[in-house]
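Enquirer: The amino acid sequence is not available; the structure is as follows:
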């Protein structure tokens, strides 16, 4: 039975049993405590709390879901980022007995044999779920037969979505060695302090992953062999020579990227946009390493299958892909020069070229065999501490973080200062800065408003250095030696006896030397295009520039 039939059978079954069929909500939830819609019940959350449902007390849906927690697990037999969740829900209507019996009846209709079921064993705050065990007992399941098991809170208690909300014990149904259906009995409300109180109206919230259901009914070893994934995987060129794990990641991400863009997510450095950017960059790195362009075909396949906004999906993907490729080529080249990838070299590739950890880890599994996530994160924390120190001691406002985009803009600020001194004169000195992943704000000494021609000259200077791809290097030295070399700096009283001096350029072409403790990229060429958005007065004798990298 193909996946389309399974969707229809599920919804038809529950409609026949008095449920209103409700369309899937967006992947972008109205609940601000979560990034994405992760479960079918999220759009119905208010109705468990007493708000009147416009659909009645019994509904069913096929909800599109996205879970970031499974990103690192994708590539095994069944973990996914995007998936569809079949669910039936009751808000003060039926409860345990009908929910369990409806589930059993539907699986019998599909001729799916249940291996065993689990129920909640209780804990110090909540009682053992004897009622569910009794209902299952009437259907032929018991501990003595080995097809009913009591499990702990970690296994058989669900929710809430976000920091607070409805939650309760569950009963889970297993078939083919995997959990295929989770029935949640919403009896409690969890407060932000993790305490529970009884709901005035009990409810039912069930979830059955369509992909796993397809795996069981189609008798495949993994979800990736079902009709939901096999047609996508077939479009991945054999010549690309990807192992099974990478094929699964690419297939999963094709669906995720298509649905995220279709629901309005755009690549960025924040929240949902950051997750989308991470997925796009991962598959772009795979394409790049294979020297083949194939991912657009996969997106078109997904868009056609689900009637999504194909033109927007392709446009957004290609735009982000091209931005990343500008950095990636240099990063991969540098990667190829490193014999063994450890945490320090991985962080260097991340900071200098924007290569995310998972891409560095997966490009060559033998080369990165000793690279551990926790060691990489320790390097990141050390660098963040350095950035915080630099911000406290050397900048007014300083760096928001040590992300790759912030690091690029910080490096661009050095280039801009050199450009300002060249165009306006050597009286120009830094008076403060605030740099985030989105923009740089830079204060400098100058008495007059810059003309449009001067602004253009500074932009051309910076972009000229970027085009030349001059190197960025640093050397630790005494403060006295730094002054001898002509290094400039700010807030001199904050410096210790030894300082870091960053040099832009080499040989006969030194653009600038500055005392600085913050993060920098390794070469100017990866910065992109520099653009001044605004020039204005900051205070008497001080001007302010806001600029971006495009």
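Expert: Noted; the coordinates are in hand. Since this is a predicted model, take the numbers as computed values, not measurements.
Enquirer: Give me the helices and strands touching the lengthiest helix in the chain, please.
Expert: Among the segments of the chain that qualify as a helix by DSSP state H, the longest is helix 310-337. If you count contacts as 3 or more Cβ pairs under 8 Å, 6 or more residues apart in numbering; DSSP states H and E, helix 310-337 packs onto helix 244-262, helix 271-290, helix 295-306, helix 343-353, helix 357-363. C-beta coordinates here come from the backbone N, C-alpha and C atoms, glycine included.
Enquirer: Also compute the angle for the longest one relative to helix 244-262, please.
Expert: With axes from the mean of the first three to the mean of the last three Cα atoms, to 10 degrees as the criterion, the two stretches helix 271-290 and helix 244-262 enclose an angle of 140 degrees.
Enquirer: Next, the angle helix 295-306 makes with helix 271-290.
Expert: Following the same axes, to 10 degrees, one obtains 130 degrees for the angle between helix 271-290 and helix 295-306.
Enquirer: Would you mark the buried spots in helix 271-290?
Expert: Counting neighbours by 16 or more other Cβ atoms under 10 Å, one finds that the buried residues in helix 271-290 are 272, 274-290.
Enquirer: same thing with the third one?
Expert: For helix 295-306, a neighbour-count test (16+ other Cβ under 10 Å) marks 295, 298, 299, 300, 301, 302, 303, 305 as buried.
Enquirer: thinking again about what came up before, so for residue 207, which of the helices and strands packed on helix 310-337 sits nearest?
Expert: Comparing the helices and strands packed on helix 310-337 against residue 207 with Cβ to Cβ, the closest turns out to be helix 244-262 (17.8 Å).
Enquirer: And this structure, split by domain according to the record?
Expert: Annotated domains of the chain cover 3-220, 230-337, 388-549 [automatic domain parsing].
Enquirer: can you put the ones you listed in a markdown table and add mean pLDDT?
Expert: Putting the domains of the chain into a markdown table (pLDDT from 0 to 100) gives the following:
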| stretch | mean pLDDT |
| --- | --- |
| domain 3-220 | 93 |
| domain 230-337 | 92 |
| domain 388-549 | 83 |
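Enquirer: closest to residue 370 out of these?
Expert: Go through the domains of the chain one by one with Cβ to Cβ and the one that ends up closest to residue 370 is domain 230-337, at 15.2 Å.
Enquirer: Kindly check the end-to-end length of the closest one for me.
Expert: 36 Å (Cα to Cα, to the nearest Å).
Enquirer: quick revisit: how about the domains of the chain, which one is nearest residue 363?
Expert: When these are ranked by distance to residue 363, counting by Cβ to Cβ, first place goes to domain 230-337 at 6.1 Å.
Enquirer: before we move on, back to that, minimum distance to residue 194: which of the helices and strands packed on helix 310-337 has it?
Expert: Nearest to residue 194 among the helices and strands packed on helix 310-337 is helix 271-290 (24.5 Å), distances taken as Cβ to Cβ.
Enquirer: mind checking which helix or strand the closest residue to residue 7 other than its chain neighbours is in?
Expert: Here the nearest residue to residue 7 in space, its sequence neighbours aside, is residue 62; by Cβ to Cβ, 6 or more residues apart in numbering that works out to 5.3 Å. Taking DSSP states H and E as the definition, one finds residue 62 inside strand 58-66.
Enquirer: For residue 109, see how far away residue 16 is.
Expert: Computed with Cβ to Cβ, to the nearest Å, the distance linking residue 16 and residue 109 is 11 Å.
Enquirer: neighbour-wise, which of those two wins?
Expert: Applying other Cβ atoms under 10 Å to residue 16 and residue 109 shows that residue 109 carries more neighbours, namely 11 against 8.
Enquirer: What number of neighbouring residues does the residue lying closest to the more buried one once chain neighbours are set aside come out with?
Expert: With Cβ to Cβ, 6+ apart as the measure, residue 13 is the residue that lies nearest to residue 109, at 6.8 Å, once sequence neighbours are left out. Residue 13 is flanked by 18 other residues according to other Cβ under 10 Å.
Enquirer: Same question for the one 5 residues further on.
Expert: A count of neighbours around residue 18, defined by other Cβ under 10 Å, yields 12.
Enquirer: wait, doesn't residue 68 sit right on residue 36?
Expert: Yes: using Cβ atoms under 8 Å, residue 68 is in contact with residue 36, at 7.0 Å.
Enquirer: Next, show the common contact partners of the two.
Expert: Applying Cβ atoms under 8 Å, 6 or more residues apart in numbering, one finds that residue 68 and residue 36 are jointly contacted by residue 275.
Enquirer: Between these two, which is the more surrounded one?
Expert: Shown here are residue 68 and residue 36; by other Cβ under 10 Å, residue 36 has more neighbours (23 against 15).
Enquirer: Next up, the contacts around the spatially closest residue to the more buried one that is not a sequence neighbour.
Expert: Closest residue to residue 36 apart from its sequence neighbours, by Cβ to Cβ, 6+ apart: residue 66 at 4.1 Å. In this structure, residue 66 makes contact with 27, 36, 37, 38, 81, 82, 256, 259, 260, judged by Cβ under 8 Å, 6+ apart.
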